[in-house]
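coordinates only, sequence not included:
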């Protein structure tokens, strides 16, 4: 949660994010905006929603629900965007607002009907496609990174955390539509998490 929000410019520290998510009053949170606080809270609830529905097939309704959670008390959206947007730093334009519903219908269809070599390739390909559609007025990055882990967890893989310090590398994969590069990156991150979890289990046994 911390890294995903930090990638988008959230200035909360790791400790502050922890305090907000787990209601830890021992840690003071100062000099941050209400939006930054809501971003942490919203990511928590969006992720909880996905984990509660991890056995369900990805659907248009599920994607919209995640986006609504991500934007709660910030944009208060009720679904896909209704106006055109620009992506900061991108050299392409996302589809017009009037094309979003059809674009997302195809996105979900192709998500289920495209044959992939493995879940990392599937997650990488669909992450890039989602970012190019940019279906929400805000919170697209946070939403699509949750969808990466939705796919990996469903497939029995360890979830990934894209470090904020490596956001430029991550953004290059998106800008270049480099599915293969992003796939390998996700594999690396998943292995790091697998080793971390293995060490944690060993330490607690």
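Arrived safely, thanks for sending. Just so it is clear, the structure is predicted and the values come from calculations on it, not from any experiment. Residues are numbered from 1 along each chain as shown.

run through the chain and note the low-pLDDT ranges.
26, 89, 202-205 (pLDDT under 70).

hmm, try it at 80
1, 24-30, 87-91, 199-205 (pLDDT under 80).

show me where it has helices.
For the chain, the helices defined by DSSP state H cover 2-7, 14-21, 34-52, 60-71, 100-113, 119-133, 140-154, 167-175, 179-204.

mind putting those helices into CSV with distance to residue 92 and mean neighbour count?
(Glycine included, C-beta is placed from N, CA and C.) Below are these laid out as CSV (distance: least, C-beta to C-beta, whole Å; neighbours: other C-beta atoms under 10 Å):
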stretch, distance to residue 92, mean neighbour count
helix 2-7, 20, 20
helix 14-21, 32, 18
helix 34-52, 26, 18
helix 60-71, 21, 20
helix 100-113, 14, 14
helix 119-133, 7, 21
helix 140-154, 14, 22
helix 167-175, 9, 15
helix 179-204, 16, 15
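
which residue is nearest the middle of this protein?
When the chain is reduced to its mean C-alpha position, the nearest residue by C-alpha atoms, centre = their mean turns out to be residue 145, at 1.9 Å.

identify the residues contacting that one.
4, 127, 162 (C-beta atoms under 8 Å, 6 or more residues apart in numbering).

all good on my end, thank you.
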